[in-house]
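[1] What follows is a predicted protein model with its sequence.
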Amino acid sequence: MADQQSVLVIGATGNVGPHAVAQLLDSGVETRALVLHDDPNIDRLPEGVKVFHGDLADPDSLDPALDGTTAVFLMWPFFALNVDTVPQVLAKIGRHARRVVFVSSIGVHIGLEPVDNNCHAYVEEQLEKTDLEWTFLQTTGFASNVRMAWAHQIRAGGVVRSPYGDAARSPIDEADVAAVAVRALTTPGHGGKRYVVTGTEALSQREQLRIIAEKTGQSLRWEDVPHEAARDAMVDSGWPPAYADGALEYFAMLEAKPETVTSTVEDVLGRPPRRFHEWVAEHAGDFR
């Protein structure tokens, strides 16, 4: 059936999208990527993908990319775009595709994200109102988040300054998120499912840094930053205030109760997710 399928990947050049594109292509699925005209990360896309230019802020611009598609992989760029056009974008998708996999957040699963704070919960609510066959991937933090948040600090002096060092998360390899998405996009039985997608184990941020030190052969140190100072820095760097508040509230919770660990990846794929140790070993050069 792969030759009858055509999947559009929205969010194709982020952390998960390139993996989804590559895995869809490997499965023999016609794969399309929606990118901005000035996307600086277009080189992350593998050969063989059909590139379409469009902007979620302009729903009409999606028509060429959607024409002939059967399914859509969706990530919403909350940091770059508000949710004003979500209903129109979903209406456009519904005129062409029958299936949508939306990469959401575990914050929705635990009730931390209200629908009015421009986050994943709102998109989930809007998808539920459509006739689309939707699947939500309510993920924990991506393993690659540590590269984005810590790599420059590690290279600058070996000290990571961040809040809530004892907060324990179950980081998920973004390639595993993509694999679950591809399975839901291309096979039946996943419609209406809310999959909580996690890594193999809960690791405190200090433990994650220790693993990075071990895999890179460096001496690294954690230094806790107070809540308010962290919030100010996050907002100054572009985080929406409500999003920053929600993230910090969640990390405070995780100091008392580690993040959940589920069997979703193994249940869907028939294999366990990759360990954080494996991800770090593969990307050790990014921290040197």
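    Perfect, I can see it now.

[2] Give me the contacts around the lengthiest helix in the chain.
    When the chain is parsed with DSSP state H, its longest helix is helix 241-256. With Cβ atoms under 8 Å, 6 or more residues apart in numbering as the contact definition, helix 241-256 has outside contacts at 78-79, 107, 112-113, 117-119, 163-164, 166-169, 227, 230-231, 234-235, 239. Every residue, glycine included, has its C-beta placed from N, CA and C.

[3] which helices and strands does the helix or strand bottoming out on mean pLDDT in the chain pack with?
    Sorting the helices and strands of the chain by mean pLDDT, DSSP states H and E puts helix 106-109 at the bottom, at a mean of 83. The helices and strands touching helix 106-109, judged by 3 or more Cβ pairs under 8 Å, 6 or more residues apart in numbering; DSSP states H and E, are helix 120-128, strand 133-139, strand 193-197.

[4] helices or strands up against the second one?
    I take that to be strand 133-139. By 3+ Cβ pairs under 8 Å, 6+ apart, strand 133-139 packs against strand 99-105, helix 106-109, helix 120-128, helix 174-186, strand 193-197.

[5] List the buried residues in stretch 77-96.
    Buried residues in stretch 77-96, counted by 16 or more other Cβ atoms under 10 Å: 78, 83, 85-86, 89-90, 92-94, 96.

[6] And the strands in the stretch 1-150 of the chain?
    For the stretch 1-150 of the chain, the strands defined by DSSP state E, counting those that start in this stretch occupy 6-10, 30-35, 50-53, 71-74, 99-105, 133-139.

[7] Could you tell me the angle between the second one and helix 174-186?
    Between strand 30-35 and helix 174-186, the angle formed by their directions is 120 degrees, by axes from the mean of the first three to the mean of the last three Cα atoms, to 10 degrees.

[8] partners of strand 30-35, with directions?
    Using DSSP bridges, strand 30-35 pairs in its sheet with strand 6-10 (parallel), strand 50-53 (parallel).

[9] repeat for the fifth one
    Paired with strand 99-105 in the same sheet, following DSSP bridges, are strand 71-74 (parallel), strand 133-139 (parallel).
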